[in-house]
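> A predicted structure for the sequence below; I have some questions about it.
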Amino acid sequence: MTVALPEPGKRSKLAPRSWELWSLPNDLLRYLLLAELAAVVWTVAAVVTQTVDRTDLMRFGMLAALFAAFQLISPRIERMRIRMADSHRVDMTSVWTFAGVIALPPGLSALLALLIALAMSVLRLRAGVRLYRQAFNAANVVLPCLTSSAVLHMTTSHLDGMSGSASEAAIVLLTMVIYTAVNTTMTAGAIFLAARPLPVRALFGTAEENGLEVATLCLGGMTALTVMYTPWLTALSIVPMVVLQRGALIKQLEVAATTDPKTGLLNAVAWRQVAQKELARAARDRHTVAVMIIDMDRFKEVNDTHGHLVGDAVLVAVAERLTAELRQYDSIGRFGGEEFVAILPEVDLATARAVSDRILARVRELEVFSPDAPAVPLGGFSASIGLALYPDSAGDVESLLHVADSALYAAKSAGRDRVESVTL
């Protein structure tokens, strides 16, 4: 994976301090520089001490040519994926870098990763990716290559002439695990130092992202074996790569179209679509559905007193607590501002009130940290909740929202930090 770090303010690219490293936290800066220094020193040492034969150079050239051919076929797709990325982005070039780990000596493997990183820097510069991020991302590929390659070559002198035994397959699998572990840990460390504290999901990515990373590495392993044993079939690896990349882009577009970018919850349009399907299922199966609107109390005061960064942190924290408190098949959305909405299938009014009380308790316990140094914990937050029940309150999504909104207004009028429902 590659990692997106906080972007400092814009400056002229001609300015001598255009990397803007001084704007990063000191521990993050030390982390980035240490990773880059380790990558450079280890690469030089591996290149100087290794012996390379003609076969190694031919394989290096084949993998570099495969990467170049793939980039010529789909540069626009990769540019779109880079621009749409947030904190994590599965780097599809790991197909070629991991293939290099399997098929090449450590030094050549690291050089291939550096070559690919330099080529990708053209796309990333056009997409506005800062140089210091590119330098770290290059180190975040080179170091996993060197680490996993070192383990591979300590375990077996070379994979040429493999007998196909289970032990050899286990060695390749171990190499993949080490590559993934080093890359993921380095990514998580950079994100943590850039914007701590963060939940585990934000550090290590989603299940979909990690699944795509594993699929990419598996394809890289098969590409390596093709290069080593049936080189005339190597061009065939480009076809599944294009399909995999297009699938990843489609997934990113789907997420962007349905997800609130700030909280990661469903946006208003996507939530309404899900709610309509839930009501249709409830009508067919003859069960009740609860709709709740959750609104933060005096949220404008939070923004005015502590700033919008703290306000955003509160919204993200509330979204996390809603997700933790509700069931996996309850659908939660953000309607804008400080207002959230949820639909709970097969829930009666008494159960919905009990769930709402637990949510209110979670909001009262909420604590976020100011962006000041040292960070100061901030609390004292509360919310109000309005409830509506299908089919008792209304029979369609918009009417249920209207009833729940009336109940929310009643909760605000009754003193806030409470849950209300309107009986029709």
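Good, I have the coordinates.

> Q276 contacts E398, correct?
No. Contact criterion Cβ atoms under 8 Å: Q276 and E398 do not qualify, at 9.8 Å. Just so you know, the C-beta spots here come from the backbone N, C-alpha and C atoms, and that holds for glycine as well.

> more neighbours, those two?
The neighbour count for Q276 versus E398, taken as other Cβ atoms under 10 Å, is higher for Q276 (14 against 11).

> mind listing what's buried in the longest helix anywhere in the chain?
Within the chain, and with DSSP state H defining each element, the longest helix by residue count is helix 166-195. For helix 166-195, burial by neighbour count (16 or more other Cβ atoms under 10 Å) applies to 171-172, 175-176, 178-180, 182-184, 186-195.

> what average pLDDT does that helix get?
Helix 166-195 carries an average pLDDT of 84.

> got the CA positions of the one helix or strand I238 maps to in CSV?
Taking DSSP states H and E as the definition, one finds I238 inside helix 238-258. Output for helix 238-258, consisting of C-alpha atoms alone and laid out as CSV, is shown next (Å, rounded to 0.1, in the frame of the first residue of the first chain):
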residue,chain,number,x,y,z
ILE,A,238,-1.0,-7.9,-18.2
VAL,A,239,-4.6,-8.9,-19.0
PRO,A,240,-5.7,-9.8,-15.5
MET,A,241,-3.8,-6.8,-14.2
VAL,A,242,-5.9,-4.5,-16.4
VAL,A,243,-9.1,-6.2,-15.2
LEU,A,244,-8.0,-6.0,-11.6
GLN,A,245,-7.1,-2.3,-11.9
ARG,A,246,-10.4,-1.4,-13.5
GLY,A,247,-12.2,-3.3,-10.9
ALA,A,248,-10.4,-1.4,-8.2
LEU,A,249,-11.3,1.9,-9.8
ILE,A,250,-15.0,1.0,-10.1
LYS,A,251,-15.0,0.1,-6.4
GLN,A,252,-13.4,3.5,-5.6
LEU,A,253,-16.1,5.2,-7.7
GLU,A,254,-18.9,3.3,-6.0
VAL,A,255,-17.5,4.3,-2.6
ALA,A,256,-17.2,7.9,-3.6
ALA,A,257,-20.7,8.0,-4.9
THR,A,258,-22.3,6.4,-1.8
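
> distance from it to the middle of the chain?
For helix 238-258, the distance from its own C-alpha centre to the chain's C-alpha centre is 14 Å (Cα atoms, centre = their mean, to the nearest Å).

> show me what that helix packs onto, helices and strands only.
helix 54-73, helix 75-84, helix 207-229, helix 268-285 (3 or more Cβ pairs under 8 Å, 6 or more residues apart in numbering; DSSP states H and E).

> how about the third one: buried residues?
Spelled out, that is helix 207-229. Those buried within helix 207-229 under the rule 16+ other Cβ under 10 Å are 209-210, 212-213, 215-217, 219-228.

> if we can go back for a sec, I'd like the helices and strands packed on helix 238-258 as CSV, with mean pLDDT and distance to L118 appended.
Compiled in CSV, those are given as follows (pLDDT from 0 to 100; distance: least, Cβ to Cβ, whole Å):
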stretch, mean pLDDT, distance to L118
helix 54-73, 88, 11
helix 75-84, 60, 15
helix 207-229, 84, 19
helix 268-285, 92, 39
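
> CSV for the ones you listed, including distance to D297?
Converted to CSV, the helices and strands packed on helix 238-258 look like this (distance: least, Cβ to Cβ, whole Å):
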stretch, distance to D297
helix 54-73, 52
helix 75-84, 35
helix 207-229, 34
helix 268-285, 21
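
> of all those, which one comes closest to V95?
helix 207-229 (4.3 Å; Cβ to Cβ).

> quick one: the closest one to chain centroid distance?
Distance of helix 207-229 from the chain centroid (Cα atoms, centre = their mean) equals 19 Å.

> low pLDDT regions in the stretch 1-150 of the chain?
Judged by pLDDT under 70, the stretch 1-150 of the chain has its weakly predicted residues at 1-24, 75-91, 123-129.

> where exactly do the helices run in it?
Secondary structure of the stretch 1-150 of the chain by DSSP state H, counting those that start in this stretch: the helices cover 26-49, 54-73, 75-84, 94-103, 106-126, 131-155.

> give me whichever of those is most buried.
helix 94-103 (a mean of 28; mean count of other Cβ atoms under 10 Å).

> give me the contact list for it.
Contacts to helix 94-103, defined as Cβ atoms under 8 Å, 6 or more residues apart in numbering, come from residues 59-60, 63-64, 66-67, 70, 108-109, 112-113, 116, 141, 145, 148-149, 152, 159, 172, 175-176, 179, 183, 213, 216-217, 219-221, 223-225, 227-228, 237, 241.

> now do it: distance to the chain's middle.
From the chain centre to the centre of helix 94-103 is a distance of 23 Å (Cα atoms, centre = their mean).

> now the angle from it to helix 131-155?
With axes from the mean of the first three to the mean of the last three Cα atoms, to 10 degrees applied, the angle from helix 94-103 to helix 131-155 works out at 30 degrees.

> can you tell me how far A68 is from A139?
As judged by Cβ to Cβ, to the nearest Å, A68 and A139 stand 22 Å apart.

> same check, this time on W232
According to Cβ to Cβ, W232 and A139 sit 35 Å apart.

> ditto for P106
From P106 to A139 the distance is 15 Å (Cβ to Cβ).

> then V255?
The span separating V255 from A139 equals 28 Å under the rule Cβ to Cβ.

> now do A39
A39 is 4 Å from A139, where distance means Cβ to Cβ.

> next one: T305
41 Å.

> E278 too?
47 Å.

> over to A207?
The spacing between A207 and A139, counted by Cβ to Cβ, is 26 Å.

> one step back: check which helices and strands the longest helix of the chain sits against.
In terms of contacts (3+ Cβ pairs under 8 Å, 6+ apart), helix 166-195 is packed against strand 2-3, helix 26-49, helix 94-103, helix 131-155, helix 200-204, helix 207-229.

> with that, I have no additional questions.
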